[in-house]
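>>> Sequence and computational prediction follow.
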Amino acid sequence: MINPVFRRETRTTLRSWKIFAAMAVYTAILTIVAGITISIISGNSYNYSFDPQNVIALYIVLMAFQNLIVAIIVPSLTAGAISGERERQTLDLMLLTKMSTTNIVIGKLLSSLLTILLIIVASLPVFSIVFYYGGISPLNVFGMTAYTLLFAAMTGSISIFFSTITKKTIVSTVWTYIILLAITLGNLVFTMIGIFMFENMRSTGLDTIFAYFSFSTNPGAAFLSLVDTLSNAGFFNGMFENMSYGYYGYPSSGVIGFILDILYHIPIWVLNCVFMSGVTAFAVFISSRLIKPVKGGK
């Protein structure tokens with residue numbers, strides 16, 4: 001049976017002209033970004049010709065821009081999921097129905113993900129440019145799209161969590177952006193400081209283990225790791241190998257050596273997907289428990 005909240009959102013919000021206007025604007029902006037990127041790449045090459053090998057750079061720019069847009073749009077879509085209903089004084093009416101609080105939270109989250117999916121699908125003609133030049137397969141685009149949806153799910157669940165504990169939509173929106181900055185830029189600063197502190201212990205390989213698990217919670221680092229895996233570039237993933245296999249080396253035996261051997265076979269984006277899935281499930285669970293049902297209701 002389709003979630004009642006999700007069904008209602010698909011019949012109202014997703015049929016609004018604003019959604020189609022947003023898709024049109026996003027596709028137009030993405031087209032402009034693609035054109036500028038191609039012009040820059042071609043301008044830096046001899047005879048202003050486009051090298052098909054540079055299509056990877058175009059692919060990375062488009063995907064990075066898409067994830068940035070998702071990080072900006074999702075909080076605005078989900079920040080008022082609960083607080084907006086509370087402001088409109090319709091939350092109690094929803095709680096009087098037979099729906100559980102879990103169904104309400106999941107329905108709100110799924111509706112926001114469907115909006116993001118529509119925007120991504122609308123942008124596929126722009127991403128078809130990379131297919132024209134070759135070097136990138138449909139699996140690359142679909143794999144990154146799946147990661148983008150998972151990132152949107154985590155962002156949306158965090159936004160819904162703050163929407164349940166705050167009374168104003170603007171407050172939940174601000175807190176969501178703060179958390180996103182903390183797990184991206186804040187995580188980068190924290191990791192760099194940690195690596196510097198582990199400098200004297202680099203020969204033990206602890207700096208690599210610390211950096212790996214710290215970056216595994218950073219969507220930006222995981223994005224670069226996934227691009228490495230899909231494009232076989234090996235730049236970002238190889239950075240950790242150089243950190244331990246470099247000049248200092250690392251112990252080939254013992255617990256640390258065993259852990260490092262395992263980490264080299266597990267890209268950062270894999271652990272990040274596990275992390276984001278866990279955060280999404282936990283945020284949905286906590287949000288559904290924080291919504292207090294109407295006394296006497298189910």
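That came through, no problem.
>>> going forward, measure contacts and count neighbours with C-alpha atoms only.
Will do.
>>> just checking, next helix/strand downstream of the strand or helix carrying residue 155?
Assigned by DSSP states H and E, residue 155 belongs to helix 138-165. Later in the chain than helix 138-165, the nearest helix or strand by DSSP H and E is helix 169-181.
>>> and the helix or strand following that following helix, what does it pack onto?
Counting by DSSP H and E, the element after helix 169-181 in chain order, helix or strand, is helix 187-197. In terms of contacts (3 or more CA pairs under 8 Å, 6 or more residues apart in numbering; DSSP states H and E), helix 187-197 is packed against helix 206-215.
>>> hang on, the earlier thing: pull out the buried positions in the helix holding residue 155.
Burial within helix 138-165, assessed by neighbour count using 16 or more other CA atoms under 10 Å, is assigned to 140-141, 144-145, 147-164.
>>> Would you mind getting the angle between that helix and helix 169-181?
Orientation note: helix 138-165 sits at an angle of 130 degrees relative to helix 169-181 (axes from the mean of the first three to the mean of the last three CA atoms, to 10 degrees).
>>> now for helix 138-165, which elements pack on it?
With contacts defined as 3+ CA pairs under 8 Å, 6+ apart, helix 138-165 has these neighbours: helix 55-78, helix 101-122, helix 169-181, helix 219-231, helix 268-290.
>>> any chance of the ones you listed in TSV, with mean neighbour count and distance to residue 94 too?
Rendered in TSV, the data for the helices and strands packed on helix 138-165 read as follows (neighbours: other CA atoms under 10 Å; distance: least, CA to CA, whole Å):
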stretch	mean neighbour count	distance to residue 94
helix 55-78	19	17
helix 101-122	20	8
helix 169-181	19	18
helix 219-231	21	34
helix 268-290	19	13
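>>> Include distance to residue 88 and mean pLDDT when you put the ones you listed into CSV, please.
Below are the helices and strands packed on helix 138-165 laid out as CSV (distance: least, CA to CA, whole Å; pLDDT from 0 to 100):
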stretch, distance to residue 88, mean pLDDT
helix 55-78, 15, 87
helix 101-122, 16, 87
helix 169-181, 11, 92
helix 219-231, 34, 84
helix 268-290, 19, 93
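>>> May I see those helices arranged in a markdown table, with distance to residue 207 as well?
Shown next, in a markdown table, are the helices and strands packed on helix 138-165 (distance: least, CA to CA, whole Å):
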| stretch | distance to residue 207 |
| --- | --- |
| helix 55-78 | 27 |
| helix 101-122 | 37 |
| helix 169-181 | 23 |
| helix 219-231 | 16 |
| helix 268-290 | 15 |
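>>> any idea how far residue 99 lies from residue 81?
16 Å (CA to CA, to the nearest Å).
>>> got it, and residue 270?
Plainly put, residue 270 is 29 Å away from residue 81 if you go by CA to CA.
>>> what does residue 110 give?
Counting by CA to CA, the gap from residue 110 to residue 81 is 11 Å.
>>> which outside residues touch stretch 100-116?
If you take CA atoms under 8 Å, 6 or more residues apart in numbering as the criterion, stretch 100-116 is touched by 3-6, 9-10, 14, 19, 70, 74, 77-78, 81, 95, 149, 152-153, 156-157, 160, 284-285, 287-289, 291, 293, 298.
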